[in-house]
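generate coordinates for the sequence data below:
(one chain, ligands or ions: 1)
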Amino acid sequence: MARKIGSRYTAHQILGRGSAGTVWLGEGPEGPVAIKLLREDLSSDQELVGRFVQERTALLGLEHPNVVSVRDLVVDGNDLALVMDLVRGTDLRTRLDRERRLAPEAAVAIAADVADGLAAAHAAGVVHRDVKPENVLLDMQGPLGPGGSHRALLTDFGVAKLIDNPRRTRATKIIGTPDYLAPEIVEGLPPRASVDIYALATVLYELLAGFTPFGGGHPGAVLRRHVTETVVPLPGIPDELWQLLVQCLAKAPASRLRASELAARLRELLPLLAGMPPLDVDEPDVEPVREEDGEPEEPVPSAGPVRRGAVPLVPGARPSDSNRDTHTSMRVPAPDELAGGAHGTARAPRAAGAPRPGSARNRTTTRRRRLTLAACTVALVTAVGVGTWLATSSDEDAPPPQDTKNSAPTSP
Ligand SMILES: Nc1ncnc2c1ncn2[C@@H]1O[C@H](COP(=O)(O)OP(=O)(O)OP(=O)(O)O)[C@@H](O)[C@H]1O
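Take a look at the predicted model:
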């Protein structure tokens, strides 16, 4: 089932599908490549094709051992394709699904690799905007690194930005994957390099814990938690590593580390973590919303096997044979939606065997947390003022939004 892609490439076999298209194992003049063929409805969009060509230099310019390089962009008839280096291995989501939690040394080594890749991208003025385990590939042909981990490479650079389109995603819409979205994006601010640091810290937390710090339940609830809730410590995590995570999950973008510093600090921790087993943490339950009021828990979208509380990037984006519906395109929430009536849905991780939420002890903690959240809400109402204006002006008569993502690569 080989097919020609432009005049230089042949696609031989499907490696996998994502929300934007299909990735093929292919062949080019210089040997094997991976070819990401965008979905037909995207490739027939003239505006997107124009953007594709416009972004050419930024996309082709990134060369780093921890970045999957884009070698070529092909616009040929109905085909729109990114030709990338072929990584022989697997993606981090697959490894995480298999192992559930990684040993801290391996998790930190992978995160350090990704941080190095991000540092190179940020230095070139490129923000990834969709850092998540699905977009980290593990090179299984190269030598093993600390903790027996394979070299990690970040892929899908610029794809979120390419697909972002004023007609599809007005300034009032959020593009990204709910579990990994920085709070400032939820508040409607343009994405800067620090959103990648927040997402990477979320990935590192997930590698250590087996779940993301603010995930679970309805995407709207996830977005709200990013803005209102603080991350709860993981039992047994070394303090130095925890402090790094907390700093990079800071609500204020300026408080987060830069990618190069994060990479260096993570690598410094590797000797301390050598030989440490995976953390013994039980996945928390999502607390029901207002259980005292007898209100039901927020509904989880029922369409298909959605694993991470997400909806497709753009309408119709749900791939038929993939369970990786990991993008969302949502309206910027209004303050009251973000505040959620000041009732938290925090997911406190429990040491293995600790009592589940709902016990008398936990109800007290919950009430205390809600009081804190009520205070946060007051601050939040001010903070999301801009978001509210955007959200309430999202009707079709509104003036065209400023497309912050349509300009030259976002500067870090
Ligand atoms: N350069 C590459 N080399 C080898 N395999 C790749 C490469 N790029 C992607 N793949 C594989 O192709 C599959 C689909 O990748 P793709 O980037 O389209 O989807 P995704 O990142 O899982 O989802 P989404 O695009 O919705 O975020 C993945 O399983 C990934 O492992």
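
pull up the residues of the stretch 1-150 of the chain that are close to the ligand.
Contact residues (CB under 6 Å from any ligand atom) of the stretch 1-150 of the chain with the ligand: 15-20, 23, 34, 36, 68, 84-87, 91, 134-135, 137. Where you see a C-beta, it was placed from the backbone N, CA and C, and this is true even at glycine.

show me the contacts for residue 276.
Neighbouring residues of residue 276 by CB atoms under 8 Å, 6 or more residues apart in numbering: 103-105, 238.

again, 6 Å this time
residue 104 (CB atoms under 6 Å, 6 or more residues apart in numbering).

got it, and residue 81?
Counting by CB under 6 Å, 6+ apart, residue 81 touches 5, 35, 37, 74.

hang on, isn't the first one packed against residue 11?
Yes - using CB atoms under 6 Å as the test, residue 5 is close enough to residue 11 to be in contact (5.4 Å).

any residues in contact with both of those two?
residue 35.

poorly predicted segments of the stretch 1-150 of the chain, please.
Scanning the stretch 1-150 of the chain for pLDDT under 70 picks out no residues.

burial of residue 145, as a residue count?
When neighbours are defined as other CB atoms under 10 Å, residue 145 has 17 of them.

what does stretch 139-152 contact?
87-89, 103, 105-106, 109-110, 113-114, 136, 138, 270.

could I get those as JSON lines with secondary structure and neighbour count?
Output for the contacts of stretch 139-152, formatted as JSON lines (DSSP: H, G, I helix; E, B strand; the rest coil; neighbours: other CB atoms under 10 Å):
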{"residue": "87", "secondary structure": "coil", "neighbour count": "21"}
{"residue": "88", "secondary structure": "coil", "neighbour count": "13"}
{"residue": "89", "secondary structure": "strand", "neighbour count": "18"}
{"residue": "103", "secondary structure": "coil", "neighbour count": "21"}
{"residue": "105", "secondary structure": "helix", "neighbour count": "22"}
{"residue": "106", "secondary structure": "helix", "neighbour count": "24"}
{"residue": "109", "secondary structure": "helix", "neighbour count": "25"}
{"residue": "110", "secondary structure": "helix", "neighbour count": "29"}
{"residue": "113", "secondary structure": "helix", "neighbour count": "25"}
{"residue": "114", "secondary structure": "helix", "neighbour count": "29"}
{"residue": "136", "secondary structure": "strand", "neighbour count": "28"}
{"residue": "138", "secondary structure": "strand", "neighbour count": "20"}
{"residue": "270", "secondary structure": "helix", "neighbour count": "17"}
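
return the set of buried residues in stretch 109-128.
109-122, 124, 126-128 (16 or more other CB atoms under 10 Å).

confirm residue 22 sits in a strand?
Yes - judged by DSSP: H, G, I helix; E, B strand; the rest coil, residue 22 forms part of a strand.

quick check: bridge partners of it?
residue 17, residue 37 (DSSP bridges).

surely it and residue 37 touch.
Yes - under the criterion of CB under 6 Å, residue 22 makes contact with residue 37 at 5.2 Å.

what ranges do the helices span in the chain?
Using DSSP state H, the helices found in the chain span residues 40-43, 46-54, 56-60, 92-99, 104-123, 159-163, 183-186, 193-209, 219-228, 239-248, 259-273, 335-339, 360-383, 385-392.

what's the most distant pair in the contacts of stretch 139-152?
Farthest pair in the contacts of stretch 139-152 (CB to CB) is 88 and 270. Separation: 25.0 Å.

can you put the contacts of residue 81 in JSON lines and add neighbour count?
Shown next, in JSON lines, are the contacts of residue 81 (neighbours: other CB atoms under 10 Å):
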{"residue": "5", "neighbour count": "22"}
{"residue": "35", "neighbour count": "29"}
{"residue": "37", "neighbour count": "23"}
{"residue": "74", "neighbour count": "18"}
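
next step: the residues you listed restricted to strands.
5, 35, 37, 74 (DSSP state E).

got the contact list for the first one?
Residue 5 makes contact with 11, 35, 74, 79, 81, according to CB under 6 Å, 6+ apart.

so which residues on the stretch 151-300 of the chain come close to the ligand?
155-156.

repeat that with 8 Å
Counting by CB under 8 Å from any ligand atom, the stretch 151-300 of the chain comes close to the ligand at 155-156, 159, 177.

tell me the mean pLDDT for stretch 251-269?
Confidence for stretch 251-269, expressed as mean pLDDT, is 98.

ok, back up a step: out of the residues of the stretch 1-150 of the chain next to the ligand, which end up buried?
Neighbour counting by 16+ other CB under 10 Å classes 15-16, 18-20, 23, 34, 36, 68, 84-87, 91, 134-135, 137 among those as buried.

could you find the closest non-adjacent residue to residue 272?
Distance criterion CB to CB, 6 or more residues apart in numbering; nearest residue to residue 272, sequence neighbours excluded, is residue 238 at 6.2 Å.

the one you found: neighbour count?
Neighbour count of residue 238, defined by other CB under 10 Å: 15.
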